[in-house]
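Novice: Pasting a predicted model and its sequence here:
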Amino acid sequence: MIWRNGPTGYGLVSRALHWGMALLILALLALGLRLTALQPDLSTLWLYGLHKTLGLTVLALVLLRILWHRISPPPRPLAVGWQVTAARAGHLALYVLMLVIPLSGWVASSATGIDTLFADRWVVPAIAPVSAPLETTAFVIHGIATKLLMALVVVHVLAAFQHEMAGQGTLTRMLRGQR
Ligand code: HEM
Ligand code: HEM
């Protein structure tokens, strides 16, 4: 079993992080959209709690993923010419959004003055002062960044399939490690 990334393939750690986080993030995008259509009351509070718990888990995992890439750098994108730059820029943008989204959610939740709970049990420290304007701004950033992520994930998935169908084995190496 190969845990580390190599010059041409992804190791188990990066693949598990990629697919685990992709599932979590897709679920969070759907759950987040559902939340905006609800009234926060006693019957829906658990959904907010679930969203915050999973969202903070994504934040912890993305920090771990960045650290892991320092220890074990990922392989070069399977593309040629300008597409290498495009792939790198796209992946960088995905990382920025994976940080900005949970952080803005945490700032906004802190600014409401209501305790943020992890797994319905542990109080997560507030990272912003109680402030209505800050709450609004952070939720606007959270909303815009999530829409950008949705658009970028569509492009990302299309690019992955396009490169796979062109015979480059892009999807294969994210699934199996090697082409
Ligand atoms: C990668 C992680 C996350 C994703 C993908 C995500 C996604 C979303 C989305 C799509 C929405 C709907 C936004 C809109 O249409 O305006 C939303 C709302 C919300 N998010 Fe997140 N979120 C994440 C992390 C967090 C975190 C860590 C927190 C708090 C600790 C949080 C708190 C909230 C709250 C309270 C709302 C409801 C806002 C409202 O009712 O207007 N989110 N999220
Ligand atoms: C929220 C969803 C997703 C996010 C945030 C995401 C993010 C990323 C990032 C940052 C990379 C760069 C490598 C790394 O850092 O590990 C990557 C690579 C990759 N992703 Fe995703 N991804 C998502 C969903 C998907 C889905 C649904 C597919 C399926 C088609 C996919 C296919 C790939 C492939 C094939 C690569 C490897 C590219 C290469 O070899 O250069 N991703 N993804």
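Specialist: Nice, I can see it. Ligands and ions are numbered 1, 2, ... in the order given.

Novice: What are the buried residues along the helix or strand containing residue 134?
Specialist: With elements taken from DSSP states H and E, the one containing residue 134 is helix 132-165. Buried residues in helix 132-165, counting neighbours by 16 or more other C-beta atoms under 10 Å, are found at 134-135, 138-139, 141-143, 145-146, 148-149, 152-153, 156, 159, 163-164. All C-beta spots, glycine's among them, are computed from the backbone N, C-alpha and C.

Novice: and ligand 2, which of the residues you listed reach it?
Specialist: Here is what survives when the buried residues of helix 132-165 are matched to ligand 2 using C-beta under 6 Å from any ligand atom: 153, 156.

Novice: pretty sure residue 3 is touching residue 15, no?
Specialist: No: assessed by C-beta atoms under 8 Å, residue 3 is found out of contact with residue 15, at 10.1 Å.

Novice: Mind checking which of the two has more residues around it?
Specialist: Set residue 3 next to residue 15 and count neighbours by other C-beta atoms under 10 Å: residue 15 wins out with 18 against 11.

Novice: Let me see the ranges of the strands in the chain.
Specialist: Applying DSSP state E to the chain gives strands spanning 116-118, 122-124.

Novice: Could you report the distance from residue 8 to ligand 2?
Specialist: 10 Å (C-beta to the nearest ligand atom, to the nearest Å).

Novice: so that residue sits right up against residue 77, yeah?
Specialist: No: in this structure residue 8 lies outside contact range of residue 77 using C-beta under 8 Å: 11.3 Å.

Novice: For the two, indicate the residue with more neighbours.
Specialist: residue 77 (18 against 13).

Novice: Once you drop chain neighbours, what's closest to the more buried one?
Specialist: In space, and not counting its chain neighbours, residue 77 is closest to residue 87: 3.6 Å by C-beta to C-beta, 6 or more residues apart in numbering.

Novice: So what's the residue count around residue 70?
Specialist: Using other C-beta under 10 Å: residue 70 sits among 7 other residues.

Novice: Let me see the contact set for the residue positioned nearest the centre of the chain.
Specialist: Nearest to the geometric centre of the chain sits residue 98, at 3.7 Å (C-alpha atoms, centre = their mean). Contacts here follow C-beta atoms under 8 Å, 6 or more residues apart in numbering; on that basis residue 98 touches 21, 25, 58, 62, 149.
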